[in-house]
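Asks: quick one, fold the following:
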Amino acid sequence: MRPQEYHRRRFLKTAAGAVATATAGPYVWTGSAARAEAPNERLGVAAVGVGPRGVAISRQAGNLGDMVAVCDVDSDAAGRFAQHYDGKPDTCADYRKLLDRKDVDVLIVGTPDHWHTKICIDAMKAGKDVYCEKPLTLTIDEGKLIEKVVRETGAVLQVGTQQRTDYNRWFLEAVAIARSGRLGKKLNALVSIGAAPVRGERQGPFPPADPPASLDWDFWQGPAPERPFTPNRVGWNFRWFWEYSGGQVTDWGIHHSDIALWALGAEESGPEEIEGEGQFPPGVPDDFDLNAVLEGRQELPAIYTVFMHFDCKLRFAGGHTINLVSRQNEIILEGDQGRIRVNRGGLTGRPIEEIRANAADHDWLNEEVTRLYRGMRLTNHMGNFFDCVKDRKLPIADVFTHNRAMEIAHTANIAMLLRRKLRWDPQRREFKDDAQANAHAIVSREQRKPWTIEA
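Replies: Model prediction:
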């Protein structure tokens with residue numbers, strides 16, 4: 001299906017009528033497709049990948065739309081999910097069977113990471129909108145391909161970095177405070193993420209076994225290299241294998257690096273230098289300390305009333321090298337005039353205490369959060385996705401800024417593997433004069449046929 005061929009519930013708008021909101025930066029969302037149905041008509045939803053996380057996000061979508069189909073390479077998982085809806089959704093193992101269905105408007109993707117890019121691209125090219133769990137990509141080049149397809153199709157793609165929306169606005173407030181200049185002009189961010197499971201549970205080697213009768217192991221692997229089945233490769237533990245994930249750096253790290261970049265006004269840029277150390281037990285690192293120096297002096301977007309320039313540094317600390325408090329998953333934003341700490345438990349620090357104690361400052365913060373949210377209705381993450389599908393707006397967790405945060409995580413993993421400092425060009429989105437780094441598998445890797453990504 002050509003990108004312009006949308007199903008019966010869409011029609012094409014002219015360029016003059018199609019332009020929607022601009023993001024906080026150079027990305028202007030044209031949203032070429034718009035919905036013809038009444039605003040209160042419920043969308044048709046299909047779930048792809050219904051492990052524990054996939055179940056959670058798909059049920060959220062099922063509360064807002066009509067769940068018409070569920071797809072999983074494990075037929076038992078698909079069946080259990082369908083029973084939550086009294087068995088009404090159709091079940092299948094091949095997501096491609098969903099792409100031509102006229103009753104499917106949106107796909108909710110909760111698969112392991114190595115499937116994200118291909119399913120998203122295939123769905124958008126078929127005229128569907130997509131909500132996909134983070135991390136969106138397995139490689140740097142996958143991010144560029146997804147951006148290309150989003151621009152070509154006008155599809156709405158919401159990434160599951162829920163800290164941009166959920167958790168009582170604490171992260172939004174932290175970003176607004178940092179960007180306002182209240183913490184000072186020179187900002188640093190310390191990103192701490194929790195330790196991975198103990199090594200004995202994931203170090204291996206694991207003996208091969210026969211896959212369950214309900215699981216299509218070949219399909220589960222998809223574009224990843226073929227490996228013998230072992231129960232340790234599926235479920236939550238897929239995150240500890242390079243074939244499928246980037247470990248804690250991309251899994252939890254992307255949540256916090258996304259917020260940190262946003263707070264520092266660098267969400268449309270990236271690192272100039274990145275270095276760090278990590279321990280590999282084998283597989284992905286479970287103990288690391290990373291430092292990234294962001295590109296030059298960032299000017300805040302014109303949408304904000306305060307204009308600042310930042311000299312920024314972003315530091316990650318993870319795993320067993322940090323103390324117990326830091327292992328709680330948190331972001332510390334600090335400048336020469338103040339310091340705040342934010343995680344999913346709350347936002348603390350003298351600057352936010354002073355704002356909460358002053359009615360005028362509190363009103364100011366509410367206005368800044370609204371600006372930060374691009375003037376859209378403040379709702380939860382899935383709610384924002386459904387709003388944007390109907391209004392053809394750029395969702396709050398958009399692919400473009402997400403990929404900038406992903407480039408922090410991906411380049412950090414490469415720096416640890418190569419054991420040296422790397423220089424990155426945020427504009428060209430490649431390493432500077434470094435053939436070895438640019439040839440790394442985390443930049444681009446071959447996909448197993450027939451599951452190659454076509455964009």
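Asks: list the strands paired with whichever helix or strand Ala47 is part of, with their directions.
Replies: Assigned by DSSP states H and E, Ala47 belongs to strand 44-48. Paired with strand 44-48 in the same sheet, following DSSP bridges, are strand 66-71 (parallel), strand 106-109 (parallel).
Asks: give me the residues contacting the last one.
Replies: Contact with strand 106-109 is made by 43-49, 54, 57-58, 61, 65, 95, 98, 115-116, 119-120, 123, 128-133, 385-386, 389, as judged by C-beta atoms under 8 Å, 6 or more residues apart in numbering. (Each C-beta comes from the backbone N, C-alpha and C, glycine too.)
Asks: in helices, which of those appear?
Replies: In this view, the contacts of strand 106-109 that belong to helices under DSSP state H are Gly54, Ile57, Ser58, Ala61, His116, Ile119, Cys120, Ala123, Phe385, Phe386, Val389.
Asks: coming back round to it: need the strands paired with strand 44-48 in JSON lines with distance to Thr370, mean neighbour count and mean pLDDT, can you?
Replies: JSON lines is the format used below for those (distance: least, C-beta to C-beta, whole Å; neighbours: other C-beta atoms under 10 Å; pLDDT from 0 to 100):
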{"stretch": "strand 66-71", "distance to Thr370": "31", "mean neighbour count": "23", "mean pLDDT": "98"}
{"stretch": "strand 106-109", "distance to Thr370": "26", "mean neighbour count": "26", "mean pLDDT": "98"}
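Asks: let me have the ones you listed in CSV, extended by distance to Phe238.
Replies: What follows is those, written out as CSV (distance: least, C-beta to C-beta, whole Å):
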stretch, distance to Phe238
strand 66-71, 18
strand 106-109, 15
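Asks: name the SS class of Ser192, please.
Replies: Secondary structure for Ser192, judged by DSSP: H, G, I helix; E, B strand; the rest coil, is strand.
Asks: ranges for the helices of the stretch 151-300 of the chain?
Replies: 170-180, 217-221, 248-251, 253-263 (DSSP state H, counting those that start in this stretch).
Asks: the stretch 351-455 of the chain too?
Replies: Counting by DSSP H, counting those that start in this stretch, the stretch 351-455 of the chain has these helices, from start to end: 359-372, 381-391, 399-418, 435-438.
Asks: what number of residues lie near Gln83?
Replies: Gln83: 11 surrounding residues under other C-beta atoms under 10 Å.
Asks: for the stretch 51-200 of the chain, give me the ranges with low pLDDT.
Replies: 195-200 (pLDDT under 70).
Asks: start and end of stretch 417-435, how far apart?
Replies: 15 Å (C-alpha to C-alpha, to the nearest Å).
Asks: then stretch 446-455?
Replies: 14 Å.
Asks: what does that stretch contact?
Replies: Stretch 446-455 has contacts (C-beta under 8 Å, 6+ apart) with 117-118, 121, 142, 145-146, 148-149, 221-226.
Asks: now swap in stretch 86-96 and tell me
Replies: The contact list for stretch 86-96 (C-beta under 8 Å, 6+ apart) reads 46-48, 67-73, 75, 78-79, 81-82, 98, 107, 119, 122-123, 216, 219.
Asks: for Asn438, give me its contacts.
Replies: Contacts of Asn438 by C-beta under 8 Å, 6+ apart are Glu430, Phe431.
Asks: how far away is the residue nearest in space to the middle of the chain from Ile177?
Replies: When C-alpha atoms, centre = their mean is applied to the chain, the residue found nearest the centroid is Lys134 (3.7 Å). Distance, Lys134 to Ile177, by C-beta to C-beta, to the nearest Å: 24 Å.
Asks: pLDDT score for Glu5?
Replies: Listed pLDDT for Glu5 reads 42.
Asks: repeat that for the one 3 residues further on.
Replies: Looking at Arg8, its pLDDT reads 30.
Asks: nearest residue to Trp364 other than its sequence neighbours?
Replies: Ile355 (7.6 Å; C-beta to C-beta, 6 or more residues apart in numbering).
Asks: burial of that neighbour, as a residue count?
Replies: Applying other C-beta under 10 Å, we find 21 residues neighbouring Ile355.
Asks: pretty sure it contacts His362?
Replies: Yes: Ile355 lies in contact with His362 (C-beta atoms under 8 Å); the separation is 6.0 Å.
Asks: residues in a beta bridge with Val106, which ones?
Replies: Counting by DSSP bridges, Val106 forms beta bridges with Val45, Asp129.
Asks: Glu147 and Glu407, how far apart?
Replies: 12 Å.
Asks: for the ones in helices among the contacts of strand 106-109, which one is nearest Ala189?
Replies: Nearest to Ala189 out of the ones in helices among the contacts of strand 106-109 is His116 (C-beta to C-beta; 25.7 Å).
Asks: for the closest one, give its distance to Ile453.
Replies: From His116 to Ile453 the distance is 10 Å (C-beta to C-beta).
Asks: repeat for Trp364
Replies: From Trp364 to Ile453 the distance is 45 Å (C-beta to C-beta).
Asks: re earlier: which stretch among the helices of the stretch 151-300 of the chain is buried most, on average?
Replies: Across these, averaging neighbours per residue (mean count of other C-beta atoms under 10 Å) puts helix 253-263 on top, at a mean of 27.
Asks: and that one, how far from the chain's centre?
Replies: Taking C-alpha atoms, centre = their mean, to the nearest Å, one finds helix 253-263 lying 10 Å from the centre of the chain it belongs to.
Asks: what's that helix packed up against?
Replies: Other elements packing on helix 253-263 under the criterion 3 or more C-beta pairs under 8 Å, 6 or more residues apart in numbering; DSSP states H and E are helix 170-180, strand 188-193, strand 313-319, strand 330-335, helix 399-418.
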